[in-house]
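Student: structure for the following, please:
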Amino acid sequence: MIIKEPVFNKKTFESMWNYPDIADACDILVEEILFGDSETIIEAIQKSAEDSIDIYYDELFKIATYEFSDYIDRVASEYGLNPDGNGYLIKLLQYAEGVYYEEQLIENCNDIMHNVLVEFIKRMTIISEVSYDPTDILDFIEEYIDNVSVDIDDNVDSVINNFKKAVSSKFDIEFKDLRRVA
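Tutor: The predicted structure is shown next:
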């Protein structure tokens, strides 16, 4: 049995919509959940969305070529950015891009958690002797990942620890912590 590849990657979003690719934001979120200091999933999402905002003008101005007017209009009305101020257009596009990434990460949270758990498996270190058939362990892990469901207010450590506990209780396996000790 082979562990599935992450759900989101560059190919997932090619020509899907006329919107920016969120694969990089997804990768940043996976890293933030596994190794960052965010307490909840929504906090990790907000941090990842912010870290995904383009800072280079050539990339930022590509947003203007997307069907992005709804995000730009919302940001302009919600934040009341001063159109006469310096850097107005840049700030407007950056805020709109941040709102877009945050909404997309929230909307796809369960699939991204699939990526988190796959990445956890790739990086995990088993610190106990394993006396089970690896195929059984992989089948169980694959089923667990396929059925994972999270809420954006869930605690990040709880999600990872619930996964580790499920595997540990089924197969009597101990893992070295990648993140923090819960």
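
Student: C-alpha only now, for contacts and for neighbours.
Tutor: OK.

Student: okay, buried residues for stretch 30-40 please.
Tutor: 30-34, 36, 38, 40 (16 or more other CA atoms under 10 Å).

Student: of the residues you listed, which belong to helices?
Tutor: 30-34 (DSSP state H).

Student: re earlier: for the buried residues of stretch 30-40, which one is nearest residue 121?
Tutor: Ranked by distance to residue 121 (CA to CA), the buried residues of stretch 30-40 are led by residue 34 at 11.1 Å.

Student: skip the chain neighbours and tell me the closest residue to the residue most central in space within the chain.
Tutor: Closest residue to the average C-alpha location of the chain: residue 29 at 3.4 Å, with CA atoms, centre = their mean. When the adjacent residues along the chain are set aside, residue 29 lies closest to residue 48, with 5.2 Å between them (CA to CA, 6 or more residues apart in numbering).

Student: I'd say the one you found and residue 24 touch.
Tutor: No: at 9.4 Å, residue 48 does not count as touching residue 24 under the criterion of CA atoms under 8 Å.

Student: settle it for me: which of the two has more neighbours?
Tutor: Counted by other CA atoms under 10 Å, residue 48 and residue 24 do not tie: residue 48 has more neighbours, with 25 against 16.

Student: who touches that one in this structure?
Tutor: Residue 48 makes contact with 25-26, 28-29, 32, 102 under the criterion CA atoms under 8 Å, 6 or more residues apart in numbering.

Student: and if you look at residue 163?
Tutor: Residue 163 neighbours (CA under 8 Å, 6+ apart): 117, 144.

Student: next one: it from residue 58, what distance?
Tutor: 41 Å (CA to CA, to the nearest Å).

Student: with that, I have no additional questions.
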